[in-house]
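[1] got a structure for you, letters missing:
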């Protein structure tokens, strides 16, 4: 039988993160209706360990040098089910996660996504990263039709993806979702489709990752690059305002926001610097 749900995971963080992620997936009531596709770019024993511990998981190894969008694209193309979910290798699904996706298998919506909660709760550094990066995706979120869903907790109707257009293989999911909306695909936000984001950072690692992602995003973004570059100088203040408004509006984690504010300031400066370099240098 073909699976009803394919789950695509780009393996970039290695063990033990992806092992914990797979343990949660293996425990789902719908596991027998699912296939799990891991695209591994690690140069260590991650792929071998996955194959030994999780024999039902399909692992493609030796993908060193591939970007995260490329890994996800490869997984989407290899998927056998009509519903294809994408999560990160350090995301932990909740018991109802797959069932909530499958509820939409026969719906008119082409993309369904859910909220992201923080599971690294002990250090202020991790809270600062989560609130700055994922604050808008944390609960509570209103159920209903929406313009977009979190890229690390999304399920797509495979037949609607432009999988025969190689240009999309290198683009982040925000660009892909914009293109799908342009093509008339409808999106739904399902608050019950929850995952937990579990990753601890070093400060330098966090800032470097944000800089590189922002540079990549800016280099991919079409439009007046010099105008965008000039606008990036205003980004730190704008981003800080948006993050604060989000936390206050959700009425939760205000203490963590205030304690992590110095780190969040560094985060938004790295964000803006990455976009500036991306617009000017590609």
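    That came in fine, so what should we check first? These numbers were taken from a predicted model, which means no experiment stands behind them.

[2] identify the residues contacting the residue nearest to residue 4 when sequence neighbours are not counted.
    Sequence neighbours aside, residue 33 is the residue nearest to residue 4 in space, at 4.4 Å (criterion: Cβ to Cβ, 6 or more residues apart in numbering). Yep, even glycine has a C-beta here, placed from its N, CA and C like the rest. Residue 33 is in contact with 3-5, 98, 102, counting by Cβ atoms under 8 Å, 6 or more residues apart in numbering.

[3] quick one: pLDDT of the closest residue in space to residue 143 that isn't next to it in sequence?
    Spatially, and ignoring its direct neighbours in sequence, residue 143 is nearest to residue 191 (5.3 Å; Cβ to Cβ, 6+ apart). Among the per-residue scores, residue 191 holds a pLDDT of 97.

[4] can you check residue 1 too?
    72.

[5] what does residue 28 give?
    Turning to residue 28, the model gives it a pLDDT of 98.

[6] what's the answer for the one 3 residues further on, then?
    The predicted structure scores residue 31 at 98 on the pLDDT scale.

[7] so it touches residue 25, yeah?
    Yes - between residue 31 and residue 25 a contact is recorded at 7.2 Å, counting by Cβ atoms under 8 Å.

[8] with neighbour numbers in mind, choose between the two.
    Neighbours around residue 31 and residue 25, counted as other Cβ atoms under 10 Å, are more numerous at residue 25. The numbers are 23 against 14.

[9] where's that one relative to residue 121, distance?
    As for residue 25, its distance to residue 121 is 22 Å (criterion: Cβ to Cβ, to the nearest Å).

[10] how about the helices in the stretch 101-250 of the chain?
    When assigned using DSSP state H, counting those that start in this stretch, the helices of the stretch 101-250 of the chain occupy the ranges 124-134, 173-182, 203-220, 225-231, 235-250.

[11] closest to residue 273 out of these?
    For those, distance to residue 273 was read as Cβ to Cβ. The smallest value, 6.0 Å, belongs to helix 203-220.

[12] elements contacting the closest one?
    Contact partners of helix 203-220 among helices and strands, from 3 or more Cβ pairs under 8 Å, 6 or more residues apart in numbering; DSSP states H and E: helix 124-134, helix 261-281.

[13] make TSV from these and add mean pLDDT and mean neighbour count to it.
    As requested, the helices and strands packed on helix 203-220 are arranged in TSV below (pLDDT from 0 to 100; neighbours: other Cβ atoms under 10 Å):
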stretch	mean pLDDT	mean neighbour count
helix 124-134	97	22
helix 261-281	98	20
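
[14] for these, which one sits closest to residue 54?
    Within these, the stretch nearest residue 54 is helix 124-134; the backing value is 26.4 Å (Cβ to Cβ).

[15] now the angle from the closest one to helix 261-281?
    Compare the direction of helix 124-134 with that of helix 261-281 by axes from the mean of the first three to the mean of the last three Cα atoms, to 10 degrees and you get 50 degrees.

[16] packing partners for helix 124-134?
    Counting contacts by 3+ Cβ pairs under 8 Å, 6+ apart, the secondary-structure elements packed against helix 124-134 are strand 116-118, helix 203-220, helix 235-250, helix 254-259, helix 261-281.

[17] can you rerun that using 7 Å?
    Counting by 3 or more Cβ pairs under 7 Å, 6 or more residues apart in numbering; DSSP states H and E, the packing neighbours recorded for helix 124-134 are strand 116-118, helix 235-250, helix 254-259, helix 261-281.

[18] outside of stretch 89-107, which residues touch it?
    With Cβ atoms under 7 Å, 6 or more residues apart in numbering as the contact definition, stretch 89-107 has outside contacts at 4-5, 9-13, 17-18, 20-21, 24-25, 28-30, 34, 82-83, 85, 87, 112, 114, 119, 152-153, 155, 188, 190, 192-199.

[19] state the mean pLDDT of that stretch.
    Per-residue pLDDT values over stretch 89-107 give a mean of 96.

[20] endpoints of it, how far apart?
    Terminal residues of stretch 89-107 are spaced 28 Å apart (Cα to Cα, to the nearest Å).

[21] which of the residues in that stretch are buried?
    89-94, 96-98, 100-102, 104 (16 or more other Cβ atoms under 10 Å).
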